[in-house]
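> just the structure for this:
(2 chains)
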Amino acid sequence: MFLLAKVAIGCGATLLAAGAYTCREGMLNVQVDEQNHGGSHVHVWVPAALAPMVLHFVPADKLRDGLREAGPWLPTLRAFTRELRKYPDANFVEVRDPNQTVHIRTSGGKILIDVHSPDENVHIDCPLATIEDIAGELQAKAPSA
Amino acid sequence: MTSFAPSKFAVSPVRTALCSAVLFLAPVVALAQSAPAQSTAPQPATVRPAVVRTSSDTHDRWLHVRVDGDSKEEVVRVNVPLELAEKILPSINQHRLENGKVKFDTGDTHGVDLHAIMDAVRTAKDGEFVTVQAKDSDVRVAKQNGYLLVHVLDKSGHHSGKKTQVEVKVPMKVVDALFSAGKDELDLVAALHALSAQGDTELVSVKDEENTVRVWLDNKNESN
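Next up is the predicted model:
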């Protein structure tokens, strides 16, 4: 019985540690809410540390087409996020008219993108470090790499 | 022979729990503590209020673009750190942009030698180079106190009471830097670098009946 207790505590501590490690980079949050009747509502919360790891398991042929398009911009994306992290929180883009608003800003090492329109509301919240890691992983998989 | 007294057994799981927790959490705590010191480490995901930096605590230069529509509800604000743009541009190699320089050929300028014109402007004394006063528009290009000034007043819509006024004020050092590359290219990175050395200045102002556009440079990371 004591042996079982030790095993349970060990497993619990491991899970706790794994959870803390996974969430230490924060969460990647994507929310898309279509406003029309019956519109879809997609809310995704993923531990930011997992996102670059998941790319290792995506088959190369599934990424090929996307990488051909995005490949040339990946070094720019990496450089952009790397540099952006050196700056204080700021509002980079704000577009507002009577029908819609677009807001791109950084806060606490994250990039926050909000789009509100009559058709849909989109909210993206992602740590800059995660974008840099994902861009790095994709760059390594890109055909030119 | 080992004693299995009940009192000793009661303490053992607690110790094991503490040891396990410390053992497993130590690397996480160490990672968390070392994170801010590493350049590639993530920032803690806490929500902090936006900080408005000014010249007192940083030398970062910010380029601001603001477009105000005729109603207060229409606003576009873009704030870009010049140093960020300076570092990003060389990584973009698309079309004519390569390593922070834009290539062009004589066809683009209709055979006009831009470098020769800029040399002439650079060596000329302050004064007006172009003055056009027409029924529909006024144009003035001048060099004054180290700035290249362009003033355009479009009066073509004066019947409807609509006029468009454009003011451009570019430091000559920026123009020099822009043309500092080869004959058929413009060095954008050098121009941004020269721009970042300038004081607070308004670069572009466009006003018409419907919109006001301002492009200016200062040390704040927010446009007011």
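
> please see if the helix or strand hosting residue A:5 touches chain B.
Using DSSP states H and E, residue A:5 sits in helix A:2-23. Yes - shown here: helix A:2-23 in contact with chain B (CB under 8 Å from any CB of the partner chain) through A:2, A:5-6, A:9-10, A:13-14, A:16-17, A:20-21. In this view, the C-beta of every residue, glycine as well, is placed from N, C-alpha and C.

> so which elements touch that helix?
With contacts defined as 3 or more CB pairs under 8 Å, 6 or more residues apart in numbering or on different chains; DSSP states H and E, the packing partners of helix A:2-23 are helix B:6-34.

> for the helix it packs on, what is the average pLDDT?
The predicted model gives helix B:6-34 an average pLDDT of 42.

> helix or strand right after it?
Following helix B:6-34 in sequence, per DSSP H and E, is strand B:62-68.

> hmm, who's touching the helix or strand just after that following strand?
Per DSSP H and E, the first helix or strand lying C-terminal to strand B:62-68 is strand B:75-81. The contact list for strand B:75-81 (CB atoms under 8 Å, 6 or more residues apart in numbering or on different chains) reads A:87, A:90-96, B:60-69, B:221-223.

> show me what secondary structure element comes after strand B:75-81.
Downstream of strand B:75-81 (by DSSP H and E), the next one is helix B:82-88.

> of the contacts of strand B:75-81, buried ones?
Buried members of these, scored by 16 or more other CB atoms under 10 Å in any protein chain shown, are A:87, A:90-92, A:94-96, B:60-68, B:221-223.

> just to revisit the earlier point, quick one: name whatever helix or strand follows the helix holding residue A:5.
strand A:27-34.

> and the nearest residue to residue A:123 once chain neighbours are set aside, how far from chain B?
Nearest residue to residue A:123, sequence neighbours excluded (CB to CB, 6 or more residues apart in numbering or on different chains): residue A:31, at 4.4 Å. Per CB to the nearest CB, to the nearest Å, residue A:31 is found 17 Å from chain B.

> list the residues that contact residue A:31.
Counted by CB under 8 Å, 6+ apart, residue A:31 has contacts A:41-44, A:121-124.

> go through stretch A:132-144 and flag the buried ones.
Buried residues in stretch A:132-144 (16+ other CB under 10 Å): A:132-139, A:141-142.

> among those, which ones lie close to chain B?
Counting by CB under 8 Å from any CB, the members of these near chain B are residue A:132.

> report the lowest-confidence entry in the buried residues of stretch A:132-144.
Among those, residue A:142 carries the weakest pLDDT, at 77.

> which residues touch that one?
A:67, A:71, A:74.

> residue in chain A nearest to chain B?
Using CB to the nearest CB, the closest approach of chain A to chain B is made by residue A:109 at 2.4 Å.

> below-threshold pLDDT in chain A: ranges please.
A:22-24, A:144-145 (pLDDT under 70).

> and the closest residue in space to residue A:93 that isn't next to it in sequence, helix, strand or coil?
In space, and not counting its chain neighbours, residue A:93 is closest to residue A:104: 4.1 Å by CB to CB, 6+ apart. Look at residue A:104: counting by DSSP: H, G, I helix; E, B strand; the rest coil, its state is strand.

> doesn't residue A:113 make contact with residue A:104?
Yes - the criterion here is CB atoms under 8 Å, and residue A:104 meets it with residue A:113 at 5.2 Å.

> can you turn the buried part of the residues of helix A:2-23 next to chain B into a PyMOL selection?
To isolate the buried members of the residues of helix A:2-23 next to chain B in PyMOL, using 16+ other CB under 10 Å:
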select buried, chain A and resi 9+10+13+17+20+21
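
> which two in the residues of helix A:2-23 next to chain B are spaced the farthest apart?
Using CB to CB, the two most remote members of these are A:2 and A:21, lying 28.3 Å apart.

> for stretch A:69-85, which positions count as buried?
Quick answer for stretch A:69-85 (16+ other CB under 10 Å): A:71, A:74-85.

> residues in contact with that stretch?
Stretch A:69-85 has contacts (CB under 8 Å, 6+ apart) with A:106, A:109, A:111, A:128-129, A:131-132, A:135-136, A:138-139, A:142-144, B:40, B:43, B:83-84, B:87-88, B:91-94.

> figure out how far it is from the centre of its chain.
In terms of CA atoms, centre = their mean, to the nearest Å, the centre of stretch A:69-85 is set 14 Å apart from its chain centre.

> again with stretch A:120-135
On CA atoms, centre = their mean, the centre of stretch A:120-135 falls 4 Å from that of its chain.

> can you check stretch A:138-145 too?
With CA atoms, centre = their mean, you get 19 Å for stretch A:138-145.

> if we ignore the residues flanking it in sequence, what's nearest residue B:87?
Computed as CB to CB, 6+ apart, the closest residue to residue B:87 that is not its neighbour in sequence is residue A:83, at 5.2 Å.

> residues touching the nearest residue to residue B:190 once chain neighbours are set aside, list them.
Using CB to CB, 6+ apart and skipping residues adjacent in sequence, the residue nearest residue B:190 is residue B:177, 4.0 Å away. The contact partners of residue B:177, by CB under 8 Å, 6+ apart, come to B:187, B:190-191, B:193-194.

> now residue B:177: how far from residue B:86?
11 Å (CB to CB, to the nearest Å).
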